[in-house]
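In: curious how this folds, go ahead:
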Amino acid sequence: MSETYFFEQQDGSRIAYNILEPHNPEDNKKTPLILIVGCKSVKEIFMGLKEELAKNQKVIIFDNRGMGESNVVSPYDPISIDLMAQDTIALVKHLGFKRFNLLGWSMGGRIALHVASDIPSELELEKLIICSSSTRPPTTSYFENLYNLPKPPDPPKNIQGLKDEIMKIFEKFEKYFVDYMIQHPDVFDKFAEIQFKSNCPFEIFKRQWEAIKKADTLSKLKAIKVPTLLIHGEADQVNSIKESEVIAREIANSKFIPIPKVGHMFWFGATESINFINEFLSN
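Out: Got it, this is the predicted structure:
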């Protein structure tokens, strides 16, 4: 397990991150890749993906403010997509990078788009990868229903209880993910353990959901000039694949790859997506 490091933002928020070193030390000369997770998610959720990508370059992954091992001064303070984009840039500067590549998934894709639309002059974003993202709130009602609960739902008492809950919830809108986990029980055990142990405060989720609904992402797209790869599962019922088609049309230098037979969490069951990412970064 990678060591967790921290840096503090000006407002007192403390951002947690991991660094995954490439297998070949020579690959440290390549441009590092920063990964941004989605709503109500922690950096460990990219299990499998981050390790595969780290075989070819340095990979940095972090918890958005208030989630996982990151914290905020108050969970009731407003959180915006722009603010989380500022956290991303602050991490790049903290690590001393002048050039970097960026991959954002779901809400993380929104954050990455905001980063790419307004890069500080002293930094260079070489390539951008947007996965399963959108310019509008997700189409599934799950997040809105969760947001409107008067209090946090009671957590499962154990990992098996969480696995049962995951199956019940995900079978409604993430069929291929459920199928994959049934076929790979060892992966499901690890995924459930991550979810069970993760710190995902209800109030921080609510601030993230508010940020998604308020963000004006579409207007940012024409300002993005860097080479951009869009990946989206054809069976994604959280963010419609049509959303990536919109983003691809708005970003001039972009390539869009639909992935068949996968949903929102595309890296489970679609190993070809990792090849697409590595090929894009190496060319």
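
In: quick one: the residue most central in space within the chain and K222, what's the gap?
Out: Closest residue to the average C-alpha location of the chain: V37 at 2.1 Å, with Cα atoms, centre = their mean. With distances taken as Cβ to Cβ, to the nearest Å, V37 is found 26 Å from K222. No exception for glycine: its C-beta is placed from N, CA and C like everyone else's.

In: just K127 next, same as before
Out: From K127 to K222 the distance is 18 Å (Cβ to Cβ).

In: which one of those two has more residues nearby?
Out: More neighbours surround K127 than the other of K127 and K222, with 21 against 11 (other Cβ atoms under 10 Å).

In: chain neighbours aside, what residue packs nearest to that one?
Out: Leaving aside its sequence neighbours, K127 sits nearest to N101 (Cβ to Cβ, 6 or more residues apart in numbering; 4.7 Å).

In: so who does the one you found touch?
Out: Shown in contact with N101 (Cβ atoms under 8 Å, 6 or more residues apart in numbering): T31, P32, L33, I34, Q57, L125, E126, K127, L128, I129, L281.

In: partners of the host helix or strand of the fourth one in the sheet?
Out: Element membership of I34 [criterion: DSSP states H and E] is strand 33-36. Paired strands of strand 33-36, with direction, are strand 59-62 (parallel), strand 99-105 (parallel) (DSSP bridges).

In: name the residues of the longest helix anywhere in the chain that are buried.
Out: Among the segments of the chain that qualify as a helix by DSSP state H, the longest is helix 81-95. Judged by neighbour count (16 or more other Cβ atoms under 10 Å), helix 81-95 contains these buried residues: 81-92, 95.

In: still on that earlier bit, chain center to the strand holding I34, what's the gap?
Out: In terms of Cα atoms, centre = their mean, to the nearest Å, the centre of strand 33-36 is set 8 Å apart from its chain centre.

In: which of the contacts of N101 sits closest to F268?
Out: F268 lies nearest to I129 out of those, by Cβ to Cβ, at 17.2 Å.

In: give me the number of neighbouring residues for the closest one.
Out: The burial count for I129: 23, using other Cβ under 10 Å.

In: could I get the contacting residues of it?
Out: Counting by Cβ under 8 Å, 6+ apart, I129 touches N101, L102, L103, G104, A112, T228, L229, L230, I231, I277, F280, L281.

In: mind running it again at 10 Å?
Out: 33, 35, 53, 101-105, 109, 112, 227-231, 276-277, 280-281 (Cβ atoms under 10 Å, 6 or more residues apart in numbering).

In: what do you get for F191?
Out: Residues in contact with F191, defined by Cβ under 10 Å, 6+ apart, are 44-45, 47-48, 162-163, 166, 177, 180-181, 184, 265, 268.

In: of these, which belong to helices?
Out: L162, K163, I166, F177, Y180, M181.

In: pick out the most distant pair among these.
Out: L162 and Y180, at 17.0 Å, using Cβ to Cβ across the ones in helices among the contacts of F191.

In: more neighbours, these two?
Out: For L162 versus Y180, the count of surrounding residues by other Cβ under 10 Å is larger for Y180: 20 against 17.

In: do you know the pLDDT at that one?
Out: If you check Y180, the pLDDT there is 95.

In: correct me, but it touches T271?
Out: No. Counting by Cβ atoms under 10 Å, Y180 does not reach T271; the two are 11.3 Å apart.

In: and the helices in the chain?
Out: Here the chain has its helices, by DSSP H, at 49-53, 81-95, 107-117, 142-147, 159-170, 175-183, 185-197, 202-214, 241-250, 271-282.

In: now distance to A16 too, for those helices, in TSV please.
Out: As requested, the helices of the chain are exported to TSV (distance: least, Cβ to Cβ, whole Å):
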stretch	distance to A16
helix 49-53	14
helix 81-95	10
helix 107-117	15
helix 142-147	23
helix 159-170	22
helix 175-183	26
helix 185-197	14
helix 202-214	13
helix 241-250	29
helix 271-282	24
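
In: quick check: which of those helices is nearest to R65?
Out: Among the helices of the chain, the nearest to R65 by Cβ to Cβ is helix 81-95 (5.8 Å).
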